[in-house]
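>>> Pasting the sequence and the predicted coordinates here, then a few questions.
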Amino acid sequence: MFAVSLGDDGAQLCPLEVWQAEELLAHMDRARELVDAWIPLASAVTDPDSARALLRRYAEKQATDTGRLYGIRLDGVLVGGVLFRTFDAESGTCEIGVWLEPAAQGRGLVTRAAERLIDWAVHERGMHRVEWVASAANTRSVAVAKRLGMTRDGVLRQNYLHRGVRHDSEVWSVLAPEWRARTAR
């Protein structure tokens, strides 16, 4: 398996595959309380079969060029993930999603992993628009969008029902010319 370094601290970005379902489940058990507050991923990965189903769904997305899923590892341990929730090469638009377990927070791992995905999407795949959608109450996620140099496009009021609560979603984006200018510095 290949891995891309995310810096000098032992952090790496690697694909997550179906055979890693048990590892994903163990990670999600560590991340569940934090992740479940914002996104249904933790609720979707509750046993080995559901972990395999999620990984299989993203393997199918990768095979059809409509999404991808990567793990964030720190010293070889799966501590988070980043994905293309949607990837539409024809329209040139994709959406990035992220999560991290509590023990790995505060190290810039999500920002660095997202930068790698945006670089690949813009420079290798020719994507024009990369989106980031987060609950307006998820201040950590909104802060990452800002660190990535994204622009807040707007708020979708109470558009997202999660755990019985309606959330406002903030939509952030970066366009290819903006990203190229940022990475040229």
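Done, it's in.

>>> When you work out contacts or count neighbours from here on, use the C-alpha atoms and nothing else.
Fine.

>>> how distant is the host helix or strand of Ala21 from the center of its chain?
Using DSSP states H and E, Ala21 falls within helix 21-36. How far helix 21-36 lies from its chain's middle: 15 Å, per C-alpha atoms, centre = their mean, to the nearest Å.

>>> buried set for it?
21, 24-32, 35-36 (16 or more other C-alpha atoms under 10 Å).

>>> Going by distance to Ser91, which of the residues you listed wins?
Val35 (29.9 Å; C-alpha to C-alpha).

>>> Contacts only, for the closest one.
Counting by C-alpha atoms under 8 Å, 6 or more residues apart in numbering, Val35 makes contact with 41-42, 99-101.

>>> and with 7 Å instead?
42, 99 (C-alpha atoms under 7 Å, 6 or more residues apart in numbering).

>>> Leu69 versus that one, what's the distance?
16 Å (C-alpha to C-alpha, to the nearest Å).

>>> cool, Val133 as well?
The value you get for Val133 to Leu69, if C-alpha to C-alpha is used, is 17 Å.

>>> What of Leu34?
Distance from Leu34 to Leu69, by C-alpha to C-alpha: 19 Å.

>>> got a list of what the nearest residue to Gln12 once chain neighbours are set aside touches?
Nearest non-adjacent residue to Gln12, counting by C-alpha to C-alpha, 6 or more residues apart in numbering: Ser5, 4.5 Å away. Residues in contact with Ser5 (C-alpha under 7 Å, 6+ apart) are 11-13.

>>> before we move on, the earlier item: between Val133 and Leu69, who's got more neighbours?
Leu69 (23 against 20; other C-alpha atoms under 10 Å).

>>> Strands of this protein, start to end?
4-5, 11-15, 68-74, 77-88, 93-100, 129-135, 151-162, 165-175 (DSSP state E).

>>> for the fourth one, the distance to its chain's centre please.
Taking C-alpha atoms, centre = their mean, one finds the center of strand 77-88 at 4 Å from the center of the full chain.

>>> Quick one: mean pLDDT for that strand?
Strand 77-88 shows a mean pLDDT of 96.

>>> partners of that strand, with directions?
strand 68-74 (antiparallel), strand 93-100 (antiparallel) (DSSP bridges).

>>> cool, and the last one?
For strand 165-175, sheet partners with direction are given as strand 129-135 (antiparallel), strand 151-162 (antiparallel), following DSSP bridges.

>>> So for Ser173, which of those sits nearest?
strand 129-135 (4.3 Å).

>>> how about the closest one: buried residues?
129-135.

>>> got it, and stretch 60-78?
Going by 16+ other C-alpha under 10 Å, stretch 60-78 has these buried residues: 61, 66-74, 78.

>>> Repeat that for stretch 98-106.
98-101, 104.

>>> and the end-to-end length of that stretch?
Its first and final residues considered, stretch 98-106 spans 14 Å by C-alpha to C-alpha.

>>> next one: that stretch to chain centre, how far?
12 Å.
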